[in-house]
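In: Mind looking at a prediction? Sequence and model below.
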Protein chains: 2
Amino acid sequence: MNKPTKDAATPDSRRPATHPVVTMEMVGRIAGVSQVTVSRALSDPSKVSPATLKKVQDAIAVTGFVPNALAGALASRRSKLVSTLLPSITNITYNSMVKTFCEEMRAHGYQIMLSECGFDPADEEAAIMTHLSRRPDAMLLVGTRHTASARRMLLAAGIPVVEVWDVTETPIDICVGFSHVEAGKAAARFAFEAGYSRAACATANDERALRRKDAFRAEFQALTGTEVAVAQFESEATLGMGRAGLARLLETEGFKSGVVFCSSDLIAHGVLLEATSRGLAIPSTVAVIGFGDQGFAPDTSPPLTSVRVDRGALGASAAQYILGRLEHGRSAPIVTDVGFEIVRRESA
Amino acid sequence: MNKPTKDAATPDSRRPATHPVVTMEMVGRIAGVSQVTVSRALSDPSKVSPATLKKVQDAIAVTGFVPNALAGALASRRSKLVSTLLPSITNITYNSMVKTFCEEMRAHGYQIMLSECGFDPADEEAAIMTHLSRRPDAMLLVGTRHTASARRMLLAAGIPVVEVWDVTETPIDICVGFSHVEAGKAAARFAFEAGYSRAACATANDERALRRKDAFRAEFQALTGTEVAVAQFESEATLGMGRAGLARLLETEGFKSGVVFCSSDLIAHGVLLEATSRGLAIPSTVAVIGFGDQGFAPDTSPPLTSVRVDRGALGASAAQYILGRLEHGRSAPIVTDVGFEIVRRESA
DNA sequence: TTGTATGCGTTATCAG
DNA sequence: CTGATAACGCATACAA
């Protein structure tokens, strides 16, 4: 459509070794003070006379000095860095939690180092080691499944570690989340009480999603005595997965009508679309329950019933616990269950 | 629904100063070699005898030693860190680009420092400074609008800088993207050639989205002589914004029928849903063109026509250019236009 | 208020 | 192949 063009010539040749720049030493020389004074002018201006402060600031402006946080962290043994490891950045599930967490930490002078670590604990372990080598002051992890080696490293690092999005009896340090088993059960009870006598599940291959699915099945079968069909996918949740999921349930799993419990709102939305495309009435023929109560849930057709988790609060408490340990040495709770609630709209 | 529970008592009291851990010095003492030998065993095992190598590895295993990359970077003047600044992490627009970029860089031993910097250049400037203080070996930025101060700092840092997602005559260093003006024009020509004589735009308040919108309007008006109505929103793109957008166009902007050019696929999807809800035929009454050709575009009802950008290729070339500068000192093109194409499905 | 000395844990440069 | 020794740029005591 638009012809790709290339090129031009490179203007300056870059030096082989990186990180040249200005140092406090140089700034000090220009300002006519020592390196320490520059350091103080930056970290606590009140400890420097107004006159020299100005000289230093001028020198900084002139040179374009940017402090070397590497050296600072090495000397002070505090990096002001907080590592955040997510299974997937493309997954909207954790978005608002991460956003809140980052804002909260940044407001307190901490910088976030975000990385994607995949869903495999072994890959997570590698990511954890890489991050620990940067000496973060704290670390945020998703979930409670980690390799033994990872746990060891984390404990040895001696920094606050928060595991979010799940709860466990054996946290590494701080744990803020909710019970996925309870969530699955609650969805089943909701479906039962809403009068559905048949149910199915559409789920991605995520460890926590599978726990919810299993809990839902067990509970729903216990309540109604009917089997719960399952459409499970290997990749990450997509809209298309929801469409394919309902198709599979209808065509090969013997599902005729009832409620479909989905592992995410995205999948649920796909189920809604597929049902609509097939002319199936919602919720009378096919009802849908999502998970996550994402921002778009009220805007689907019909609006989506979903299991709501206060992700913002989750990120905020994670930050608060870390800050508590970090700044005030405050002793924090080990496990916090933030719970969940089912938001009923028109899809079920 | 599920009663939130709290608490327990904190097990160990954490030391005030962070970053304790093991050093090469200690590892060396245990292995019976000097600190330097440990360093060599790690960075280039071939420079160490098999015997001592094993001793060192054993000592590392015993102590759980994790190298201090801060010290390493300070000494070597190379951090193996690459900064990536995104306007928004919750925005799926950049997802696959970032994913590809990260994987490529990680495969070459670089770690990504991802941060959200907002859409305001002033906020971006602050983020750039914070990141530069960590002495990254390279930096990836979205867009070409930066404060003068930011440009200065970037140039002074002397590291490879890539601006993606747009093209410009005046790149800071490397630039990989496409022309948003051309994209808007192309969409207008496509709409015109498809036979639509009326058009409207639904857009988020993003600088590049607005450039596309303006180009679309100008071109479509030039081709057809009819005005193009606009529904513009202040916040980030959402599904609900698409619904509200079509509603506004129909109810207050005098739009009766025609094609709606949207600033993102998410908004476009919302327009589709709203049109369907209102019983408007797609594409005969309301046609829709999205932007981005996200993964879900083929799964909407009807499948979404969209402007496709090869985001994976975009991330990959950004990585390649950086690696070229970093590893081989290779001179790279300044500006690369990766173009775009319009993918026609059933929505328009 | 300001400066001096010392150390943070590596890598780089030489010697041996 | 191995080991001293000197940076790296800053912060922390301590001294003036």
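Out: Arrived safely, thanks for sending.

In: Beyond the helix or strand that contains A:Ala287, next helix or strand please.
Out: A:Ala287 is located in strand A:286-292, with elements delineated by DSSP states H and E. For strand A:286-292, the succeeding helix or strand toward the C-terminus, using DSSP H and E, is strand A:305-308.

In: Tell me the spacing between the nearest residue to A:Ile159 once chain neighbours are set aside and A:Pro303.
Out: Leaving aside its chain neighbours, A:Ile159 sits nearest to A:Ala138 (5.3 Å; criterion: C-beta to C-beta, 6 or more residues apart in numbering or on different chains). (Glycine included, C-beta is placed from N, CA and C.) According to C-beta to C-beta, to the nearest Å, A:Ala138 and A:Pro303 sit 38 Å apart.

In: the more surrounded of those two?
Out: A:Ala138 (26 against 16; other C-beta atoms under 10 Å in any protein chain shown).

In: What separation do you get for the more buried one and DNA strand C?
Out: 18 Å (C-beta to the nearest atom of the strand, to the nearest Å).

In: can you pull the contacts of that residue?
Out: A:82-83, A:110, A:159-162, A:322, A:325-326 (C-beta atoms under 8 Å, 6 or more residues apart in numbering or on different chains).

In: Including secondary structure and neighbour count, could those residues go into CSV?
Out: As requested, the contacts of A:Ala138 are exported to CSV (DSSP: H, G, I helix; E, B strand; the rest coil; neighbours: other C-beta atoms under 10 Å in any protein chain shown):
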residue, secondary structure, neighbour count
A:Val82, strand, 28
A:Ser83, strand, 24
A:Tyr110, coil, 21
A:Ile159, coil, 26
A:Pro160, coil, 24
A:Val161, strand, 24
A:Val162, strand, 28
A:Ile322, helix, 27
A:Arg325, helix, 22
A:Leu326, helix, 22
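
In: Could you list which residues are in contact with the residue of the stretch 201-348 of chain A found nearest DNA strand C?
Out: Closest residue of the stretch 201-348 of chain A to DNA strand C, C-beta to the nearest atom of the strand: A:Leu326 (18.6 Å). By C-beta under 8 Å, 6+ apart, the residues touching A:Leu326 are A:137-138, A:160.

In: how many other residues sit next to A:Gly254?
Out: 11.

In: Can you list phi and psi of A:Arg135 for me?
Out: Here is the backbone geometry of A:Arg135 (degrees, to the nearest 10): phi 50, psi 60.

In: Could you check how far it is from B:Ala69?
Out: Taking C-beta to C-beta, one finds A:Arg135 at 7 Å from B:Ala69.

In: So for these two, which sits in the more crowded spot?
Out: Between A:Arg135 and B:Ala69, counted using other C-beta under 10 Å, the more crowded position is A:Arg135 (24 against 20).

In: wait, the more buried one sits on A:Ala75?
Out: No - using C-beta atoms under 8 Å as the test, A:Arg135 is too far from A:Ala75 to be in contact (12.0 Å).

In: which of the residues in stretch A:142-157 are buried?
Out: A:142-147, A:150, A:153-154, A:156-157 (16 or more other C-beta atoms under 10 Å in any protein chain shown).

In: Please apply the same query to stretch A:211-228.
Out: A:211-217, A:219-220, A:223-224, A:228.

In: Name the nearest residue to A:Glu116, sequence neighbours excluded.
Out: A:Glu116 sits nearest to A:Ile89 (C-beta to C-beta, 6+ apart), 4.9 Å away.

In: cool, A:Pro67 as well?
Out: B:Ser133 (5.2 Å).

In: repeat for A:Val62
Out: A:Ile30 (6.6 Å).

In: residues contacting the one you found?
Out: Applying C-beta under 8 Å, 6+ apart, the residues near A:Ile30 are A:59, A:62-63.

In: Filter the residues you listed down to the buried ones.
Out: Of these, these count as buried by 16+ other C-beta under 10 Å: A:59, A:63.

In: Just give me the neighbour total for the closest residue to DNA strand C within the stretch 151-300 of chain A.
Out: Nearest residue of the stretch 151-300 of chain A to DNA strand C: A:Gly158, at 12.0 Å (C-beta to the nearest atom of the strand). Neighbourhood size, A:Gly158 [other C-beta under 10 Å]: 16.

In: looking at it, it is touching B:Val22, isn't it?
Out: No - counting by C-beta under 8 Å, A:Gly158 stays clear of B:Val22, with 11.4 Å between them.

In: okay, and for the stretch 201-348 of chain A, where does confidence drop off?
Out: A:330, A:332-333 (pLDDT under 70).
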